[in-house]
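K.L.:
My questions concern the predicted model and sequence given below.
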Amino acid sequence: MTTGRRGSFHRVSIRVERYLLVFWPTAGYYVCSGSGERGASDPQLRGVAWGSLDILGLFIRLSIVRRRD
């Protein structure tokens, strides 16, 4: 039973690490660079906020930008 819990914890930690190291910076960078090009206020904060929503935040941001254009 202990091995199962440890394995479960390992899978969760891998997911968190993947999220923090790959998805959040990727989505945050995309939003930050796009906000900077459009002259929006505080692009770094926008990148962190939308990046924290992960891929869902990226898709929401893309839909907002497409509607605006």
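P.N.:
Here it is on my side, so go on.

K.L.:
At which residues are the helices of this structure located?
P.N.:
For the chain, the helices defined by DSSP state H cover 2-18, 24-38, 43-52, 54-68.

K.L.:
In CSV: these, plus mean neighbour count.
P.N.:
For the C-beta atoms, the positions are set from N, CA and C on the backbone; glycine is no exception. Shown next, in CSV, are those (neighbours: other CB atoms under 10 Å):
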stretch, mean neighbour count
helix 2-18, 9
helix 24-38, 17
helix 43-52, 17
helix 54-68, 13
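
K.L.:
Tabulate the ones you listed (TSV), appending mean pLDDT.
P.N.:
Below are the helices of the chain laid out as TSV (pLDDT from 0 to 100):
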stretch	mean pLDDT
helix 2-18	68
helix 24-38	80
helix 43-52	80
helix 54-68	79
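
K.L.:
Tell me who's in contact with the closest residue to residue 33 other than its chain neighbours.
P.N.:
Counting by CB to CB, 6 or more residues apart in numbering, residue 33 lies nearest to residue 43, which is 7.6 Å off, once chain neighbours are set aside. If you count contacts by CB atoms under 8 Å, 6 or more residues apart in numbering, residue 43 has them with 31, 32, 33, 35, 36.

K.L.:
roughly how far apart are the closest residue to the last one other than its chain neighbours and residue 25?
P.N.:
Nearest-residue entry for residue 36: residue 43, 4.3 Å, with adjacent residues in sequence omitted and distances by CB to CB, 6+ apart. Computed with CB to CB, to the nearest Å, the distance linking residue 43 and residue 25 is 14 Å.
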